[in-house]
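**Student:** Just the structure for this:
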Amino acid sequence: MIISLMALISGYIIDLIVGDPNYRFHPIRVIGNLILKLENLLYRLKNKKLGGLLLLIATITTIFAFCYSMLKIA
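**Tutor:** Next up is the predicted model:
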């Protein structure tokens, strides 16, 4: 438990120091842009919970499909 807490705190401090990557095609930036575009599209729905659920499903499905295809190619 203490080791997990220390890892969490260390990770948070490192993130504060290093920050997000500047590389345009870094997976974190690509996923963030995907979420932003899907948010703008799906949150136009009147039912916000449905839009959030569709956003979650679309994001996870897209990332899974990309990772799966890259592993198959490798």
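**Student:** So which residues of the chain form helices?
**Tutor:** 2-18, 27-42, 48-73 (DSSP state H).
**Student:** Now render the ones you listed as a markdown table, adding mean neighbour count.
**Tutor:** (Glycine included, C-beta is placed from N, CA and C.) Below are the helices of the chain laid out as a markdown table (neighbours: other CB atoms under 10 Å):
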| stretch | mean neighbour count |
| --- | --- |
| helix 2-18 | 9 |
| helix 27-42 | 13 |
| helix 48-73 | 12 |
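**Student:** Need those in CSV (columns: mean pLDDT).
**Tutor:** Formatted as CSV, the helices of the chain follow (pLDDT from 0 to 100):
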stretch, mean pLDDT
helix 2-18, 89
helix 27-42, 90
helix 48-73, 94
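**Student:** Spell out for me which residue occupies the centre of this structure.
**Tutor:** Averaging the C-alpha coordinates of the chain gives a centre point, and the residue nearest to it by CA atoms, centre = their mean is residue 31 (4.7 Å).
**Student:** Identify the residue nearest that residue in space, chain neighbours excluded?
**Tutor:** Ranked by CB to CB, 6 or more residues apart in numbering and with sequence neighbours excluded, the top spatial neighbour of residue 31 is residue 63, at 6.5 Å.
**Student:** Quick check: that neighbour vs residue 70, distance?
**Tutor:** 11 Å (CB to CB, to the nearest Å).
**Student:** How about residue 14?
**Tutor:** 26 Å.
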